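A.B. asks: I would like the atomic coordinates for the input below:
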Amino acid sequence: MNPQYKKGVLELCVLALLTGGDRYGYELADALAKQIDLADGTVYPILRKLKNDGLLTTYLQEESGGPPRKYYSLTALGRERYEEQRAAYLRFAQSVQDILEATKP
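C.D. replies: Have a look, this model is predicted:
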């Protein structure tokens with residue numbers, strides 16, 4: 001798959017996964033990797049950017065037998081941005097699909 005396709009939607013995918021509840025970084029990376037072929041370390045810069053943009057907050061949670069994990073949570077602004085980007089992406093994807101369907105060989 002063209003890497004540019006993935007680059008444009010990874011932030012949206014991270015936000016989408018967090019609408020279901022808080023997750024830690026590896027959990028997010030693993031969930032994405034099961035659906036989209038990703039290079040190791042791709043998710044963490046995205047998480048950092050979304051946090052810096054005020055779309056996510058973080059907190060540490062102790063885990064039994066291991067170091068604390070950093071969990072990511074959507075802010076109100078993050079939920080709002082997700083809804084906006086989701087709607088825009090779905091409109092765009094439908095337009096692309098319409099074009100591709102109209103030009104079937």
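A.B. asks: CA atoms for contacts and neighbours, from now on please.
C.D. replies: Noted.
A.B. asks: what ranges do the strands span in this structure?
C.D. replies: Here the chain has its strands, by DSSP state E, at 23-24, 56-63, 66-74.
A.B. asks: tell me which strands and helices the helix or strand of the chain with the lowest mean pLDDT is in contact with?
C.D. replies: Among the helices and strands of the chain, helix 3-18 carries the lowest confidence by mean pLDDT, DSSP states H and E, at a mean of 90. Judged by 3 or more CA pairs under 8 Å, 6 or more residues apart in numbering; DSSP states H and E, the packing partners of helix 3-18 are helix 25-35, helix 43-52, strand 66-74, helix 76-102.
A.B. asks: rerun at 7 Å
C.D. replies: If you count contacts as 3 or more CA pairs under 7 Å, 6 or more residues apart in numbering; DSSP states H and E, helix 3-18 packs onto helix 76-102.
A.B. asks: what is the mean pLDDT for the helix it packs on?
C.D. replies: On average, the pLDDT along helix 76-102 is 96.
A.B. asks: spatially nearest residue to the residue nearest to the spatial centre of the chain, not counting backbone neighbours?
C.D. replies: For the chain, the residue nearest the mean C-alpha position is Val14 (1.4 Å; CA atoms, centre = their mean). Distances taken as CA to CA, 6 or more residues apart in numbering place Leu28 nearest to Val14, at 7.1 Å, with adjacent residues excluded.
A.B. asks: and for Ala29?
C.D. replies: Val43 (5.8 Å).
A.B. asks: how close does the one you found sit to Ser64?
C.D. replies: Val43 sits at a distance of 25 Å from Ser64 (criterion: CA to CA, to the nearest Å).
A.B. asks: tell me which of those two has more neighbours.
C.D. replies: Comparing Val43 with Ser64 by other CA atoms under 10 Å, the one with more neighbours is Val43, at 20 against 7.
A.B. asks: sorry, back to before: export the strands of the chain as JSON lines, with columns for mean neighbour count.
C.D. replies: Shown next, in JSON lines, are the strands of the chain (neighbours: other CA atoms under 10 Å):
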{"stretch": "strand 23-24", "mean neighbour count": "18"}
{"stretch": "strand 56-63", "mean neighbour count": "14"}
{"stretch": "strand 66-74", "mean neighbour count": "17"}
